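Engineer: Fold the following, please.
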Amino acid sequence: MITVPALPTDSLYKFLFVFGIILLITGGYFATEVNKKYRVLILHVDSVTKNIKFKSLNLTKNTDSLKKQLDYLDKTVSKNQKKMDSLGKSQFHNHKDFILSKKQSANLKIEKIKLAIELDKLKNKHAELEKKWKEISDDGDKAESIINYQTINMDFYIWFPVIVIFLGCIFTGLGGFRWYFKIQYYQDKILEMQYLQLKKDIEKKGITGRSHHEPLNHKRVRK
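Structural biologist: A predicted model of the protein is given here:
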């Protein structure tokens, strides 16, 4: 089993220092995760924007083409109506002219009916395009609301690691500074003094021990 070391409780400054280190690591981890989420959000926004632009471009082309067809049909219907009006006002000199006029009038009526049917089809297509435009507008509004919501969440995710890292720096700096100059510095001094005292004691014991014995470089006097 993995044992997690407990936080030091023998000193408040040491606790602050270690806790600050933990905050720095946590803040760094969250900052990395926020960066990943931000990149995903940017890609999502870019994808939605491109999709809406692509649909809008296609609908714009179809709408322009449909408007041209409607304009052409309107002009054709208008010309057809003028011809029918002119036939109604014309005077016939003989029975043949009358029969010809009736045939032309019938043909114009048939053409008018065909044009009306075609015009209705185009109007239905225009209504479908208007519906698609509304769908794109609704999709854009939904995407904008989702993006705004995610952006608000991103603001929280961005500021959270910043605050955590800021607090980690304060706790680490304050705890480390106070820990060293209030505790560790004096502990080092005490250890140094103990070391010097121990060194003196060893030197004294060494001198005292040699005083009862013959020096190492002592030469015997020959009798």
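Engineer: who are the neighbours in contact with residue 66?
Structural biologist: With contact taken as CB atoms under 8 Å, 6 or more residues apart in numbering, residue 66 is in contact with 122, 125, 126, 129. No exception for glycine: its C-beta is placed from N, CA and C like everyone else's.
Engineer: Leaving out the residues flanking it, which one is nearest to the third one?
Structural biologist: Ranked by CB to CB, 6 or more residues apart in numbering and with sequence neighbours excluded, the top spatial neighbour of residue 126 is residue 66, at 5.5 Å.
Engineer: pLDDT wise, what is that neighbour at?
Structural biologist: At residue 66, the model reports a pLDDT of 74.
Engineer: element containing it?
Structural biologist: helix 12-89 (DSSP states H and E).
Engineer: Can you list the helices and strands that the helix or strand harbouring residue 139 packs against?
Structural biologist: Using DSSP H and E, residue 139 sits in helix 95-179. Counting contacts by 3 or more CB pairs under 8 Å, 6 or more residues apart in numbering; DSSP states H and E, helix 95-179 is packed against helix 12-89.
Engineer: So in this protein, where's the weakest helix or strand by average pLDDT?
Structural biologist: One helix or strand of the chain scores below all others by mean pLDDT, DSSP states H and E: helix 95-179, with a mean of 76.
Engineer: how much distance is there from that one to the middle of the chain?
Structural biologist: Offset of helix 95-179 from its chain centre (CA atoms, centre = their mean, to the nearest Å): 21 Å.
Engineer: Give the burial count for residue 113, as a bare number.
Structural biologist: 10 (other CB atoms under 10 Å).
Engineer: repeat for residue 117
Structural biologist: 10.
Engineer: One more: residue 114?
Structural biologist: 12.
Engineer: cool, and residue 45?
Structural biologist: 16.
Engineer: Same check on residue 126?
Structural biologist: For residue 126, using other CB under 10 Å, the count is 16.
Engineer: Let me see the contact set for it.
Structural biologist: So residue 126 contacts 63, 66, 70 (CB under 8 Å, 6+ apart).
Engineer: and it, how far is that from residue 59?
Structural biologist: 11 Å (CB to CB, to the nearest Å).
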